[in-house]
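>>> 3D, please:
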Amino acid sequence: MSSKSELVLEQVPRASALDIRGRRQNLLRILFVHRSVTDVERCLYELRRVGFTVSSDVVLSLEQFAERLRSEPFDVVVAEYPSPNWQEPQMLDLLHQMKKDIPLIFLVDGLKRETAAEFILKGAADCIEMDSIGHLPIAVHRALAEKALRDQRDRAEKELRHSEVLGSLLDCFRRRQTISK
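The predicted structure is shown next:
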C-alpha cells in the first residue's frame, strides 16, 4: 500500500510541472506593426480561439517599433506587408541590429510565393495571407518552437565551451602538479 501512495506522490509533482509548463507555453506577448485595428482583432481572435492568452501592443511606424522593443519584451512580432511606413528589410535589419531573436511573421495580401520565400530566407519566421488568418496560430506555435530549439542549442553550446575551458584548466593543473613532484 505504501508503495502505491509513494507512486502517486511522485506522479503529482510531475503532472503539476507539466501543467505549469503548458500554461506558460500558451502565454504570448505580441507586438503588432499594423494599421488596421480590424486585422489585429482578427489575429487576436484566432490566437485566443486556440488557447493562447495574449498580451498585445500595436505600433504604426518603424520608430515606434524600435522604441517598444527597447522598453518591453515580446515573444513574437506580427507585421503587415506591404506597409507605407516601412519596408520589409528595415524591420528584419532592426531586429538583427538590436540583437533581438524575436520571430517576425508578416501578414500579407496576395504575396507571390517567391517573395514570401525571400522574406523567410532573410529571417522572417513566416508569411500568412490575411485570407488565411486561421493559419496564424500554427505559424506562431512553430516560430516559438523553433526559437526554443535555437535557445536550447545556444545554451548547450555555451555549456560545452564552459566545460572545455574547465577541462583545459584541469589538465594544466594536473600537469603542474606532475612537474612539481
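>>> distance of the residue most central in space within the chain from Ser168?
Nearest to the geometric centre of the chain sits Leu144, at 4.0 Å (C-alpha atoms, centre = their mean). Separation of Leu144 from Ser168 (C-beta to C-beta, to the nearest Å): 36 Å. The C-beta positions use only the backbone N, C-alpha and C, and glycine is treated the same way.
>>> Leu44 now?
52 Å.
>>> same question, Ala116
Per C-beta to C-beta, Ala116 is found 46 Å from Ser168.
>>> please apply the same query to Glu63.
47 Å.
>>> circling back to that earlier point, and Leu44 and Ser168? Which one has more around it.
Leu44 (18 against 10; other C-beta atoms under 10 Å).
>>> in terms of helices and strands, where is that one?
helix 37-49 (DSSP states H and E).
>>> again with Ile128
Ile128 belongs to strand 126-129, assigned by DSSP H and E.
>>> same for the next helix or strand after that strand, what does it pack against?
Sequence-wise, the next helix or strand downstream of strand 126-129 (DSSP H and E) is helix 136-180. On a contact count with 3 or more C-beta pairs under 8 Å, 6 or more residues apart in numbering; DSSP states H and E, helix 136-180 meets strand 27-33, helix 37-49, strand 76-81, strand 104-108, strand 126-129.
>>> please repeat the previous calculation with a cut-off of 6 Å.
Packing partners of helix 136-180 (3 or more C-beta pairs under 6 Å, 6 or more residues apart in numbering; DSSP states H and E): helix 37-49, strand 126-129.
>>> so which of the ones you listed is nearest Pro137?
Evaluated over the helices and strands packed on helix 136-180, closeness to Pro137 peaks at helix 37-49, with 5.5 Å, by C-beta to C-beta.
>>> CA atoms of the helix or strand following the closest one as CSV?
The element immediately downstream of helix 37-49 (helix or strand, assigned by DSSP H and E) is strand 53-59. Only the C-alpha atoms of strand 53-59 are listed here, as CSV (Å, rounded to 0.1, in the frame of the first residue of the first chain):
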residue,chain,number,x,y,z
THR,A,53,-3.5,34.0,-23.7
VAL,A,54,-2.4,37.2,-25.5
SER,A,55,-0.9,40.4,-24.3
SER,A,56,-0.5,42.7,-27.3
ASP,A,57,0.7,46.1,-28.3
VAL,A,58,0.2,47.9,-31.6
VAL,A,59,2.6,50.3,-33.3
